[in-house]
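J.: Next come a sequence and a model predicted from it.
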Amino acid sequence: MSDAAGAPRGAEEVARELADALEARRVDYAVGGALSLAQWGVVRGTLDVDLNLWVDPARPTDAAQLLASLGCELKAAAVIREFADK
């Protein structure tokens, strides 16, 4: 996700924006990876946001569409393949 000028934003800022948007839409989620470790005092650098969403198994592409609508860059084929493997 980038700002209005196209510059990349920090992972913490992006995570907060995603959390606010998901909470507003009442989507269950969890932030993982380096950002969650930092909350427990294990700090390490990161450039991404690890995000888990709990979605209706009958409608798995809803999660991809929601994230894309929030400005996340997704590779559709990879998302479809991931859901097909489950």
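T.: Done, it's in.
J.: pLDDT below threshold where in this structure?
T.: Within the chain, the stretches falling below the threshold (pLDDT under 70) are 1-8, 37-38, 42-43, 76-77, 80, 83-86.
J.: nearest spatial neighbour of residue 68, skipping sequence neighbours?
T.: With Cβ to Cβ, 6 or more residues apart in numbering as the criterion, residue 68 has its nearest non-adjacent residue at 5.6 Å, and that residue is residue 74. In this view, the C-beta of every residue, glycine as well, is placed from N, C-alpha and C.
J.: so who does that neighbour touch?
T.: With contact set as Cβ atoms under 8 Å, 6 or more residues apart in numbering, residue 74 has these partners: 64, 67-68.
J.: one more time with 10 Å, if that's ok
T.: 63-65, 67-68 (Cβ atoms under 10 Å, 6 or more residues apart in numbering).
J.: For it, give its distance to residue 56.
T.: Going from residue 74 to residue 56 by Cβ to Cβ, to the nearest Å gives 18 Å.
J.: Is the residue in the chain sticking out farthest from the centre part of a helix or strand, or is it coil?
T.: The centre of the chain is farthest from one residue, residue 41, which by Cα atoms, centre = their mean lies 21.8 Å away. Counting by DSSP: H, G, I helix; E, B strand; the rest coil, the backbone at residue 41 sits in coil.
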